[in-house]
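1. Give me a 3D structure for the following:
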Amino acid sequence: MNNIPKGYKQTEVGVIPEEWRVESFLHVTDLITCGIAATPKYVAENIGYPFLSSTNIKNGVIQWTDYKYIDASLHRQLHRNNPPKRGDILYSRVGTIGEAAVIEVDFEFSVYVSLTLIKPKTALDSYFLAHLLNSLPYKQRAKDQVYLGGGVGNLNVDVVRRYPIIFPPILEQRAIAAVLSNVDALLAKLDQLIAKKRDLKLATMQQLLTGQDSPTRVWPTRRGGFQTRPTHTCLWRTRPNARRYHHRRGRFQTCPVKTGPQSSRHIDNDVPCKGGFGTRPYGYGSRRLGGEAIGGYFR
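-> Residues are numbered from 1 along each chain as shown. This next block holds a predicted model:
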């Protein structure tokens with residue numbers, strides 16, 4: 001039974017609109033090749049050029065961190081033949097296989113054998129192609145066609161060249177790529193917001209579950225909610241004897257005291273003492289019942 005909607009057709013990549021085509025990857029690109037196979041000698045950053053590998057492609061983006069550098073002579077040799085340029089695509093073929101990212105920089109760099117360099121023709125939008133390669137069907141295709149030679153999986157370049165590529169008109173490609181890029185940007189912002197909320201939760205857990213000092217603490221409100229207020233502490237000086245002081249809210253606390261002349265009040269080994277009755281975020285000094293307080297006031 002034919003369940004294909006009107007205006008669509010069945011192809012080897014699935015049901016697509018009738019005006020779309022399916023082309024061999026090799027026919028819609030100017031170049032599909034991999035980087036240098038031999039492990040080069042790495043040099044310092046100040047005398048070398050960036051040398052990217054598959055570990056630098058994550059979540060559809062080139063990660064410009066944690067990469068090596070190669071010397072100028074080797075870079076010139078590699079760059080002379082197949083220079084990566086803005087708008088080209090890097091496609092991981094070893095390690096994390098099937099990750100694609102568009103080059104968005106103009107400075108020179110070289111790539112290792114774990115990356116495939118793809119140069120689309122002008123009729124194929126780079127961002128549309130990157131989204132297509134990062135889609136689940138194409139990632140599954142890459143996974144199914146991995147060659148386990150020598151115990152290390154790799155995606156052969158000749159296999160990639162024979163990929164069937166969905167080929168809509170260029171205006172539709174750009175429209176699709178723009179929508180998907182906007183979704184990616186929104187997801188990135190949501191990830192940042194989630195990370196901030198997670199950090200706030202961890203900080204709150206640290207305060208509530210360990211009782212450690214922090215610039216803020218969570219306090220219950222009269223209406224049953226919670227709010228954060230600054231935590232203020234005072235320094236009470238250690239002393240073997242201590243007396244009870246009347247807090248201004250009618251409660252009592254015990255803090256070290258000293259009796260004697262004013263000139264003998266300097267004592268070593270200051271230690272932090274929470275202000276108020278237990279731990280309170282505000283309040284001023286306690287009223288003396290006896291002896292002489294040497295700590296200071298709540299602040």
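2. For the rest of this, base every contact and every neighbour count on C-alpha atoms.
-> Noted.
3. And the contacts of stretch 71-86?
-> With contact meaning C-alpha atoms under 8 Å, 6 or more residues apart in numbering, stretch 71-86 is reached by 36, 41-43, 47-49, 102-106, 108-110, 117.
4. run the last query once more with 7 Å
-> Stretch 71-86 is contacted by residues 43, 47-49, 103-106, 110 when judged by C-alpha atoms under 7 Å, 6 or more residues apart in numbering.
5. and if you look at stretch 22-30?
-> Taking C-alpha under 7 Å, 6+ apart as the rule, stretch 22-30 contacts 119-121, 124, 161-167.
6. List only buried entries from those.
-> 119-120, 124, 161, 163-167 (16 or more other C-alpha atoms under 10 Å).
7. Check the spacing between Glu104 and Tyr127 real quick.
-> According to C-alpha to C-alpha, to the nearest Å, Glu104 and Tyr127 sit 11 Å apart.
8. Those two - which one has more neighbours?
-> Applying other C-alpha atoms under 10 Å to Glu104 and Tyr127 shows that Tyr127 carries more neighbours, namely 24 against 13.
9. In contact with that one, which residues?
-> Here Tyr127 is in contact with 102, 177 (C-alpha under 7 Å, 6+ apart).
10. in this protein, which spans are helices?
-> 72-81, 126-133, 136-144, 157-161, 170-210 (DSSP state H).
11. Quick one: those helices as a markdown table, columns for mean pLDDT and distance to Thr11 too.
-> As requested, these are exported to a markdown table (pLDDT from 0 to 100; distance: least, C-alpha to C-alpha, whole Å):
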| stretch | mean pLDDT | distance to Thr11 |
| --- | --- | --- |
| helix 72-81 | 90 | 36 |
| helix 126-133 | 96 | 16 |
| helix 136-144 | 92 | 14 |
| helix 157-161 | 93 | 18 |
| helix 170-210 | 88 | 18 |
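12. Tell me which of those is the most buried.
-> helix 126-133 (a mean of 22; mean count of other C-alpha atoms under 10 Å).
13. ok, Arg141 - contacts?
-> Under the criterion of C-alpha under 7 Å, 6+ apart, Arg141 has no contact partners.
14. just to revisit the earlier point, list just the nearest of the contacts of stretch 22-30 to Leu31.
-> Distance to Leu31 across the contacts of stretch 22-30 (C-alpha to C-alpha) is lowest for Lys119, with 5.1 Å.
15. from memory that closest one sits against Cys34, does it?
-> No. The criterion here is C-alpha atoms under 7 Å, and Lys119 misses it with Cys34 at 11.6 Å.
16. Can you report how many residues lie near Lys6?
-> By the criterion of other C-alpha under 10 Å, Lys6 has 8 neighbours.
17. how close does it get to Val152?
-> 45 Å.
18. Check Asp88 too.
-> The spacing between Asp88 and Val152, counted by C-alpha to C-alpha, is 26 Å.
19. More neighbours: which of these two?
-> Using other C-alpha under 10 Å, the more surrounded residue of Asp88 and Val152 is Asp88, with 21 against 10.
20. which residues does the nearest residue to that one once chain neighbours are set aside contact?
-> Excluding its sequence neighbours, the residue lying closest to Asp88 (C-alpha to C-alpha, 6 or more residues apart in numbering) is Lys119, at 4.9 Å. Listed by C-alpha under 7 Å, 6+ apart, the contact partners of Lys119 are 29-32, 88-89.
21. Lys119 pairs with what?
-> Note on Lys119: beta-bridge partners Leu31, judged by DSSP bridges.
22. how about a markdown table for the buried ones among the contacts of stretch 22-30, with distance to Trp64 added?
-> Listed next are these as a markdown table, based on distance: C-alpha to C-alpha, whole Å:
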| residue | distance to Trp64 |
| --- | --- |
| Lys119 | 20 |
| Pro120 | 22 |
| Leu124 | 26 |
| Arg161 | 27 |
| Tyr163 | 28 |
| Pro164 | 30 |
| Ile165 | 28 |
| Ile166 | 30 |
| Phe167 | 30 |
